[in-house]
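Trainee: show me the folded form of this:
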Amino acid sequence: MTEAHRPLSGQKAIVTGASSGIGAGIARAFARAGAAVGINYRSGRDAAEALVEEIFREGGEAIALGADVSDEAQVQAMFGAFLGAFGRLDILVANSGIQQDAPFAEMTAAQWRRVIDVNLTGQFLCAREAVRTFLAQGAASDGPSRAAGKIVCMSSVHDVIPWAGHANYAASKGGVAMLVKTLAQELAEKRIRVNAISPGAIRTPINREAWETAEAEARLLALIPYGRIGEPEDVAEAAIWLASDASDYVVGTTLYVDGGMTLYPAFRGNG
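Mentor: Presented below is the predicted three-dimensional model:
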């Protein structure tokens, strides 16, 4: 990528849940776009460190950051380690997310709490730490970005599409959608931009069962008007745009990267 095509040049970014899947794709793409990247992981230390080495080999900058995003002290320590390494923060991609699926009548309180703790409370804790950092830094006229800071929250098409058997997950993503709008409303006057990406079916380990056989893939493709399963790179390109000055007037928006899944494809034949 040439310097002219490095829209995040000079910026410093934390990507949570970045040891695999969408998060790893975003971290890799951000580094190629010129950002120094903090690669957060909870259990995937080896994968995170391997991605750091890959970024180094390509001439980029990165650091692995172990933390459970649902733990306030660990989140604060992660941000401290990142600032100690890079001195400032320009972008947070709050991507960490999990699923613990069960029919509603069988879902345990522990399953409910864990998904809400990671998917929603984790985004609150990371966003709050990022906002505190942005406010302390202030908006510099000679800074690497027009904004004082950018937050991209990872939601899901299931912030609008109900999902039987996944009440905890859908509720967490619905919460993220309103968290993003509320933060954007509150923080825009501080020149902090908050937006979200809601991916549809993306080919990652978390949903392997939905695409690893021909039969499963055919069932999934019936829900995707565009006719293909998304790749982490599809989401990464959207994240670069939302984190760059190219989207400087975009505030409080959720960008659906879903191949048309939210278009209710079952109604293509007039219902």
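Trainee: helices or strands up against the longest strand seen in the chain?
Mentor: Of all the elements of type strand in the chain, the one with the most residues (DSSP state E) is strand 192-199. The elements that strand 192-199 packs onto, with contact taken as 3 or more CB pairs under 8 Å, 6 or more residues apart in numbering; DSSP states H and E, are helix 122-137, strand 149-154, helix 167-187, helix 232-243, strand 254-257. No exception for glycine: its C-beta is placed from N, CA and C like everyone else's.
Trainee: please identify the most buried of those.
Mentor: Highest mean neighbour count among the helices and strands packed on strand 192-199 (mean count of other CB atoms under 10 Å): strand 149-154, with a mean of 26.
Trainee: give me the residues contacting it.
Mentor: 17, 22, 89-97, 123, 127, 130-131, 133-134, 137, 176, 179-180, 183, 191-197, 199, 235, 239, 242-243 (CB atoms under 8 Å, 6 or more residues apart in numbering).
Trainee: okay, it in PDB with CA atoms only?
Mentor: Coordinates of each C-alpha in strand 149-154 appear next as PDB, following Å, rounded to 0.1, in the frame of the first residue of the first chain:
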ATOM      1  CA  GLY A 149     -10.900  10.300  18.500                       C
ATOM      2  CA  LYS A 150     -12.900   7.600  16.600                       C
ATOM      3  CA  ILE A 151     -14.700   4.600  18.100                       C
ATOM      4  CA  VAL A 152     -16.100   1.800  15.900                       C
ATOM      5  CA  CYS A 153     -18.300  -0.600  17.800                       C
ATOM      6  CA  MET A 154     -18.900  -4.100  16.300                       C
END
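Trainee: in the lowest-mean-pLDDT helix or strand in the chain, what counts as buried?
Mentor: Of all regular secondary-structure elements in the chain, judged by mean pLDDT, DSSP states H and E, the least confident is helix 214-221 with a mean of 92. Of the residues in helix 214-221, those buried under the neighbour-count criterion (16 or more other CB atoms under 10 Å) are Glu217, Leu220, Leu221.
Trainee: same deal with stretch 42-49?
Mentor: Arg42, Gly44, Ala47, Ala48, Glu49.
Trainee: in its sheet, what does the longest strand of the chain sit against?
Mentor: Applying DSSP bridges to the sheet, strand 192-199 is found paired with strand 149-154 (parallel), strand 254-257 (parallel).
Trainee: mind saving the C-alpha coords of that strand as CSV?
Mentor: As requested, C-alpha coordinates have been extracted for strand 192-199 and formatted as CSV (Å, rounded to 0.1, in the frame of the first residue of the first chain):
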residue,chain,number,x,y,z
ILE,A,192,-15.2,12.3,19.0
ARG,A,193,-16.9,10.2,16.4
VAL,A,194,-18.8,7.0,17.4
ASN,A,195,-20.1,4.6,14.7
ALA,A,196,-20.9,0.9,14.4
ILE,A,197,-20.6,-1.9,11.9
SER,A,198,-23.2,-4.6,11.8
PRO,A,199,-21.8,-7.6,9.9
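Trainee: can you give me the offset of that strand from its chain's centre?
Mentor: Here the centre of mass of C-alpha atoms in strand 192-199, compared against the chain's by CA atoms, centre = their mean, to the nearest Å, lies 8 Å away.
Trainee: cool, and stretch 145-155?
Mentor: Here the centre of mass of C-alpha atoms in stretch 145-155, compared against the chain's by CA atoms, centre = their mean, lies 11 Å away.
Trainee: ok, now stretch 252-271?
Mentor: Taking mean C-alpha positions (CA atoms, centre = their mean), stretch 252-271 and its chain are 20 Å apart.
Trainee: who touches it?
Mentor: Stretch 252-271 has contacts (CB under 8 Å, 6+ apart) with 155, 157, 159-161, 177, 180-181, 184-185, 188, 194-201, 222-230, 234-235, 238, 242.
Trainee: tilt between the longest strand of the chain and helix 167-187?
Mentor: The directions of strand 192-199 and helix 167-187 differ by 150 degrees, with axes from the mean of the first three to the mean of the last three CA atoms, to 10 degrees as the criterion.
Trainee: use 668 as the first number for this chain going forward.
Mentor: From this message on, residue numbering opens at 668, which makes the last subject strand 859-866.
Trainee: if you average pLDDT over strand 859-866, what comes out?
Mentor: Averaging pLDDT along strand 859-866 yields 98.
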